[in-house]
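Trainee: coordinates for the following, if possible.
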Amino acid sequence: MRLGATGRRTTRRLSLGGTALLLALAAAACGSSGSGAKAPAASTAPKAGGSLTVLESTGYSGDWPDGLDPATNVDGAADQDYMDAVYGELFELGPKGAIIDDLATGYSFSDDAKTVTIDIRPGVTFTDGTPFNAAAVVWNIQRDLKSACTCKPTWPVKSVTASGPDTVVINLSMPDGALIDEFFDSTADWIASPTAVQKLGEKAFAIKPVGAGPFEVVSDTLSSVLTLKRNPGYWQKGRPYLDALTFKSVASDEAGYEAMLAGEGQVYVDMSTPSLLKQAAQKFNVENQLSTSPYDLQLNTKIAPFDNKLARKAIYAATNFAPILQHVFDNLYPVTQGFTGPGGICYEQQVPGYPSYNLAQAKALVKQVGGITVSLGTIQNLVAQETTEALQTEWAAAGIKTTIHDYALAPLIAQFTSGKWQAMIQTAGSYDPAAGVGVGFRFSSTSPFSGVHDPHLDSLLNQAAGTVDMSQRCSLYDQAAAYIAQQFYGPFYFGFAPANVAVKGVTGPGLTQPLPAVVVTPTILWEDVANAS
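Mentor: Coordinates of the predicted model:
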C-alpha cells in the first residue's frame, strides 16, 4: 500500500533541464513554494542570550572517541549534534522535507543528472578568520572521499572542482538524483577549515575543530563534555540566539532523565524508553519526531546459519513483532514492512507478499535445516536490549536457540566490520532511502554494515538512487522491498524515532518543533535554538 510521500522543496537555481526532471521536482514539492533560504528573524524572535546544557546517551550519540574532524570521526551521523553546532551545514533538512540553504545558497543538476553545481554562500569566514569558499569545500569533499572511515560519502564521484570562488562542481560517473539529500547524513555536509587542519594536524584538530557554524569550541573532553561559545562572526545576523552551548554524556535514558530533574541539563536528546517518556511529558516538553528509520532484524547471509534461505525463512515465520511493539514500546510507533518510514519519501507501509508470522511453519523449517542457533546483537540501549530478549523468548518456541549481546557504538561497528556477526537489531533508513544510512547501508553489497550481497538487489537500489523521477524512484524501491521479503533478507517491524525532551522555555526546530529525521533523529538547527527559562 502506497502512502503519500512527505513534501519537500528545493533551493533556488532549478535550471535543471529535462521535462521528466522538472515534473519530478514539482511532484516532490507537494505544494511547497519559495526558496529554501532561511527566513529573517521575525519581530517575535526568541530571546537572545543565555546558555543551554544538552545531555546525550553514551550508547549512541554521547560518544565521540576520535574527536570531531569530519574526515576522521568514526561515528558519522551519530555525532551530528556536535558537528552541526561547530560546522553548520551546506544544506539543512527542514520542516516537511524542505531543503534549507545554510552555507550553500542553491544547487542545480545537469540534464543527465551527472553534474551537480552548488553555490557557496559568499563572504563567510571560518572562526579562525580564513575564508569559507568553494576551494575550502572542494578540499573537504575530496578529503572525505579518501577517508578510511566507513561513514565517508559513497557517491559515484569522478571529480570535485571549484569553477569560481563560490561555485563547486561535482561530476559523477552515473546519475544521482538524490545527491543533495545525501548531504544530510554525510560528513561532506560539514566543512572544516583547511588552514586549521593543516596547521594543527589531524589529531589536535579533532579535539578542537574549527568550522563556520553557529558555535566555536572552548574545550573538548572526548566522549564526556563539549563546551561551545557563540560564534560572533556567524553569517546570519542575530544568530545563534544562545551565548553558550554545552553537551554532556550520560549513561542512559534513566540517567539523563534524573539529571534533568536535578537541573543538571535543560535538554535530553533521543529518549526512547516509553515509561520515561510518559513521566517526562508531565514535567517537560516532549517532541516525538516522525520516523524515517524502521527497525530491521539484519541477517548475515555470508555465514551460517543465514547463508541458508530456509533458515532465514524460519526467522520470518518465528517472529511476531506485534506483542513486542505493544509490551516494550506501548504501540508508540507504526508497524512497517519495508525500509522507509512515514517521515521520509517513498514510504510503503505494507509490502505485497510479505511473509507472515507462522509458528508451525517455523518449527517445521527449524527441524528441516537441522536446528538453528543464533547470536543476536544490538546497540547498548534499554529498549533495544528488551527487544532482543523478547525475540529470544519468541524464537525458543520455534526451537531456535539464541544468545544475545549488546554493544556500545564503537564495538558495534567493529562487529560489523569483522563480518563474523550473525544477526543484529538495527535501524535501517533515512529521509531519502538513497542517502548514506538509507537502505543501501543495511542491504547493499558494498556496505560494511550490510548482511546482504545480492547483485540484483544492488541493481534495483542503484537504479532508484540514480533516477530523478520521483514516481519511478518509488516504484523501484517498492520492487526492492518486495525482493527483500521474497529472499527473506531481514524482517522489519516498526518505524522508530526517539523523542527530544526539553525544559519549558527552550524552543527550537528539532527540539520543540518537529523535523523529519535525517537518520534516526532529526538535525537540530542549533542556531535557532533559544532558552528563555
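Trainee: any idea how far D111 is from P165?
Mentor: For P165, the distance to D111 (Cβ to Cβ, to the nearest Å) stands at 26 Å. Placement of C-beta: from N, CA and C, glycine included.
Trainee: all helices of the stretch 301-450 of the chain, in order?
Mentor: 309-318, 321-327, 359-368, 382-397, 409-418, 439-443 (DSSP state H, counting those that start in this stretch).
Trainee: turn those into a markdown table, columns for distance to Y268, mean neighbour count and mean pLDDT.
Mentor: Putting the helices of the stretch 301-450 of the chain into a markdown table (distance: least, Cβ to Cβ, whole Å; neighbours: other Cβ atoms under 10 Å; pLDDT from 0 to 100) gives the following:
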| stretch | distance to Y268 | mean neighbour count | mean pLDDT |
| --- | --- | --- | --- |
| helix 309-318 | 34 | 22 | 98 |
| helix 321-327 | 23 | 16 | 89 |
| helix 359-368 | 39 | 17 | 98 |
| helix 382-397 | 14 | 18 | 90 |
| helix 409-418 | 18 | 16 | 90 |
| helix 439-443 | 26 | 27 | 93 |
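Trainee: quick one: closest of the ones you listed to E202.
Mentor: Nearest to E202, of all the helices of the stretch 301-450 of the chain, is helix 409-418, at 18.3 Å by Cβ to Cβ.
Trainee: the closest one packs against which elements?
Mentor: Contacts defined by 3 or more Cβ pairs under 8 Å, 6 or more residues apart in numbering; DSSP states H and E place helix 409-418 against strand 372-379.
Trainee: ok, the strand it packs on: who's next to it in the sheet?
Mentor: With DSSP bridges as the test, strand 372-379 is paired with strand 400-407 (parallel), strand 423-427 (parallel).
Trainee: comparing those strands by mean pLDDT, which bottoms out?
Mentor: Of all the strands paired with strand 372-379, the minimum mean pLDDT falls on strand 423-427 (a mean of 91).
Trainee: so how far is that one from its chain's centroid?
Mentor: Centroid separation for strand 423-427 versus its chain: 15 Å, with Cα atoms, centre = their mean, to the nearest Å.
Trainee: which parts of stretch 201-215 are buried?
Mentor: Within stretch 201-215, the residues that qualify as buried are F205, A206, I207, K208, P209, V210, G211, A212, G213, P214, F215, counting by 16 or more other Cβ atoms under 10 Å.
Trainee: any buried residues in stretch 493-512, and which?
Mentor: Buried positions in stretch 493-512, judged by neighbour count with 16+ other Cβ under 10 Å: 493-503, 506-512.
Trainee: now swap in stretch 395-408 and tell me
Mentor: So, applying 16+ other Cβ under 10 Å, buried residues of stretch 395-408: W395, A398, G399, I400, T402, I404, H405, D406, Y407, A408.
Trainee: which of those sit farthest apart?
Mentor: G399 and A408, at 31.9 Å, using Cβ to Cβ across the buried residues of stretch 395-408.
Trainee: out of the strands paired with strand 372-379, which gets nearest to P122?
Mentor: Across these, closest to P122 is strand 423-427 (Cβ to Cβ), at 38.1 Å.
Trainee: in this structure F284 contacts A499, no?
Mentor: No - judged on Cβ atoms under 8 Å, F284 makes no contact with A499 at a distance of 10.2 Å.
Trainee: would you mind measuring from Q198 to A414?
Mentor: Distance of Q198 to A414, given as Cβ to Cβ: 30 Å.
Trainee: format the strands paired with strand 372-379 as a markdown table; extra columns: distance to T58.
Mentor: Output for these, formatted as a markdown table (distance: least, Cβ to Cβ, whole Å):
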| stretch | distance to T58 |
| --- | --- |
| strand 400-407 | 12 |
| strand 423-427 | 18 |
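Trainee: got the phi/psi numbers for A532?
Mentor: When read as degrees, to the nearest 10, the backbone of A532 gives phi -100, psi 10.
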